[in-house]
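# Mind looking at a prediction? Sequence and model below.
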Amino acid sequence: MKAKRAVIDTNVLISAVLSPKGTAAAVTRYFVRQGCVLFSAETFAEFETRLMRPKFDPYVTRELRLQIVRDFSVVGEWVKPADDTGYSRDPDDDKFILAARAGNVDVLVSGDADLTDLKSVGGIPILSPRECWEWLNS
């Protein structure tokens with residue numbers, strides 16, 4: 001069975017936007033086209049605010065970034081996680097784990113060592129974009 005449901009963290013989504021031919025983009029496209037990307041209000045807010053930072057202006061137009069945010073808000077599945085903490089070394093990363101658990105996802109995709117070092121939480125694997133791509137194609 002191929003994975004269908006994923007939480008993809010902010011750094012991977014931004015990498016997908018900045019490098020549309022890269023592995024992060026391939027993984028993101030897979031879940032958008034063949035599955036589902038899940039967001040909580042907290043994970044989506046982080047994605048939106050970080051993607052809209054002026055430092056990305058030289059790479060992707062503001063208009064395109066706004067369209068990407070709108071597109072993800074429509075195609076994403078929304079979950080409301082339970083209040084819980086203490087999974088990651090960085091408490092700010094717990095929101096991705098909580099969204100993954102609330103959405104009963106197949107995988108959490110992250111480039112953040114504070115998450116990937118955990119390997120899995122509650123039976124949900126936490127994989128880098130490369131590891132996820134290899135897993136999807138195995």
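Perfect, thanks for sending it. From a predicted model like this one, the values you see are computed outputs, not experimental measurements. Numbering: from 1, shown residues only.
# Determine the three-state secondary structure at residue 130.
helix (DSSP: H, G, I helix; E, B strand; the rest coil).
# let me fix that: residue 125
Under three-state DSSP, residue 125 comes out as strand.
# give me the number of residues near the residue nearest to it when sequence neighbours are not counted?
Distances taken as Cβ to Cβ, 6 or more residues apart in numbering place residue 107 nearest to residue 125, at 5.3 Å, with adjacent residues excluded. No exception for glycine: its C-beta is placed from N, CA and C like everyone else's. Using other Cβ atoms under 10 Å, residue 107 has 24 other residues around it.
# Low-confidence regions, the chain specifically.
Scanning the chain for pLDDT under 70 picks out 1, 85.
# Would you map the strands across it?
5-8, 36-39, 77-78, 107-109, 120-121, 124-127 (DSSP state E).
# would CSV of those with distance to residue 54 be doable?
Formatted as CSV, these follow (distance: least, Cβ to Cβ, whole Å):
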stretch, distance to residue 54
strand 5-8, 23
strand 36-39, 23
strand 77-78, 28
strand 107-109, 26
strand 120-121, 34
strand 124-127, 31
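# ok, residues contacting the top helix by length along the chain?
Longest helix of the chain, by residue count under DSSP state H: helix 62-75. Contact with helix 62-75 is made by 13, 17, 32, 37, 39, 44, 47, 48, 51, 52, 56, as judged by Cβ atoms under 8 Å, 6 or more residues apart in numbering.
# tell me which residues in that helix are buried?
The neighbour-count check on helix 62-75 (16 or more other Cβ atoms under 10 Å) flags 65, 68, 69, 72 as buried.
# Alright, that wraps it up for me.
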